[in-house]
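**Student:** My questions concern the predicted model and sequence given below.
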Amino acid sequence: MNNSCIVLGDKHQNALEGLRGLLETIFESVVMVADQKSLFKALDQIKPNIAIVDLSLLGYGESGITSEINKRFANIKFIVLSDYDEPDIVDDAISSGVLGFVLRQYAGTDLFDAIKDVQQGQIFISEAVKKI
């Protein structure tokens, strides 16, 4: 299990800082980005095994951008953070190749399990989504 570096993308600075603190307990380096252009650049240059990205940063709702990211960065396993818990949004993300879907309000409790499952090639979805 390679835990040297992870890319964390989120438009919300407070979220980035809080998550970085959690992730630094298991990764040697956490690279934070706050926009899509910086995300693509970091993924191209760093080539991490895992990227944790806010769904809105991936351009959800734009024509197939999540699928395009998974094609372009096929070796990177994506975990999506989202404020949205609607099953159709979760299904769209998973069907486009995202392996993890974590509700932002549960990131503190779900993120480590999501990382573990995704590193093993398994799909992780926050339990709260499953109850809807």
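**Tutor:** All right, it came through fine.
**Student:** CA only for contacts and neighbour counts going forward, please
**Tutor:** Fine.
**Student:** ok, which stretches of this protein are helices?
**Tutor:** For the chain, the helices defined by DSSP state H cover 13-23, 36-46, 65-72, 87-95, 107-119, 127-130.
**Student:** what about those, which gets the closest to Leu81?
**Tutor:** Proximity to Leu81 (Cα to Cα) singles out helix 107-119 among the helices of the chain, at 7.8 Å.
**Student:** The closest one vs helix 13-23, what angle?
**Tutor:** If you take axes from the mean of the first three to the mean of the last three Cα atoms, to 10 degrees, helix 107-119 sits at 60 degrees to helix 13-23.
**Student:** can I get the helices of the chain in JSON lines with distance to Leu81, mean neighbour count and mean pLDDT?
**Tutor:** Below are the helices of the chain laid out as JSON lines (distance: least, Cα to Cα, whole Å; neighbours: other Cα atoms under 10 Å; pLDDT from 0 to 100):
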{"stretch": "helix 13-23", "distance to Leu81": "10", "mean neighbour count": "15", "mean pLDDT": "83"}
{"stretch": "helix 36-46", "distance to Leu81": "14", "mean neighbour count": "15", "mean pLDDT": "92"}
{"stretch": "helix 65-72", "distance to Leu81": "13", "mean neighbour count": "16", "mean pLDDT": "74"}
{"stretch": "helix 87-95", "distance to Leu81": "11", "mean neighbour count": "16", "mean pLDDT": "87"}
{"stretch": "helix 107-119", "distance to Leu81": "8", "mean neighbour count": "18", "mean pLDDT": "94"}
{"stretch": "helix 127-130", "distance to Leu81": "12", "mean neighbour count": "13", "mean pLDDT": "84"}
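**Student:** Let's have those helices in JSON lines, adding distance to Ile6.
**Tutor:** Converted to JSON lines, the helices of the chain look like this (distance: least, Cα to Cα, whole Å):
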{"stretch": "helix 13-23", "distance to Ile6": "8"}
{"stretch": "helix 36-46", "distance to Ile6": "9"}
{"stretch": "helix 65-72", "distance to Ile6": "16"}
{"stretch": "helix 87-95", "distance to Ile6": "20"}
{"stretch": "helix 107-119", "distance to Ile6": "10"}
{"stretch": "helix 127-130", "distance to Ile6": "23"}
